[in-house]
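1. build me a model:
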Amino acid sequence: QVQLVESGGGLVQAGGSLRLSCTASGSIFSINRMGWYRQAPGKQRDLVATSSSGGSTNYADSVKGRFTISRDNVKNTVYLQMNFLKPEDTAVYYCNADIRNTGSYTSRSYWGQGTQVTVSS
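-> Okay, the predicted model is just below:
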């Protein structure tokens with residue numbers, strides 16, 4: 001099986017920065033897309049940023065210019081550097097990855113357990 005373990009959430013003042021990390025482990029043959037989503041209380045889970053195995057990235061308009069996604073393919077890890085944080089960035093942030101398991105011919109989507117990010121005004 002595969003596990004995604006996130007870290008780096010916490011409480012920060014508006015204008016501050018945080019860096020989230022997510023590492024995939026287990027029976028992994030290859031990882032295609034990795035990304036971050038977030039879910040605020042009472043709202044749906046929304047895309048924040050994604051990164052393909054080839055390095056292309058995609059961002060939600062609300063975080064463009066403030067957040068940067070990157071990945072270390074050797075370590076099976078994806079990062080989210082969040083700068084100039086705003087109170088509206090407060091949410092549980094979830095890591096997501098499309099992973100092909102060892103011995104499988106198809107990929108499936110995996111989710112982390114989520115990490116809380118709280119931005120105070």
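2. isn't N58 right up against T50?
-> Yes: judged on CB atoms under 8 Å, N58 makes contact with T50 at a distance of 4.8 Å. For every residue, glycine as well, the C-beta is placed using N, CA and C.
3. check L4 and give its pLDDT.
-> L4 is assigned 97 on the pLDDT scale.
4. cool, W36 as well?
-> Reported pLDDT for W36: 98.
5. shouldn't it be within a helix?
-> No: W36 is assigned strand when assessed by DSSP: H, G, I helix; E, B strand; the rest coil, not a helix.
6. neighbours around it, how many?
-> 27 (other CB atoms under 10 Å).
7. which ones are touching R45?
-> For R45, the contact set (CB atoms under 8 Å, 6 or more residues apart in numbering) comprises Y37, R38, Q39, Y94.
8. what about 7 Å?
-> By CB atoms under 7 Å, 6 or more residues apart in numbering, R45 lies in contact with Y37, Q39, Y94.
9. what helix or strand is the last one on?
-> Which is Y94. strand 91-101 (DSSP states H and E).
10. can you list contacts of that strand?
-> With CB under 7 Å, 6+ apart as the criterion, strand 91-101 contacts 2, 4, 6, 9, 20, 22, 24, 27-40, 45, 78, 106-112, 114-117.
11. pull up the pairing partners for it, direction included.
-> Here strand 91-101 has these sheet partners by DSSP bridges: strand 28-39 (antiparallel), strand 107-111 (antiparallel), strand 115-120 (antiparallel).
12. starting at the chain centroid, how far to the longest one?
-> Taking CA atoms, centre = their mean, to the nearest Å, the mean C-alpha location of strand 28-39 is offset from the chain mean by 7 Å.
13. buried residues, that strand. List them.
-> Applying a neighbour-count criterion of 16 or more other CB atoms under 10 Å, one finds I31, R33, M34, G35, W36, Y37, R38 buried in strand 28-39.
14. who are the contact partners of the closest residue to G35 other than its chain neighbours?
-> Closest residue to G35 in three dimensions, ignoring its sequence neighbours and counting by CB to CB, 6 or more residues apart in numbering: T50, at 3.4 Å. Listed by CB under 7 Å, 6+ apart, the contact partners of T50 are R33, G35, T57, N58.
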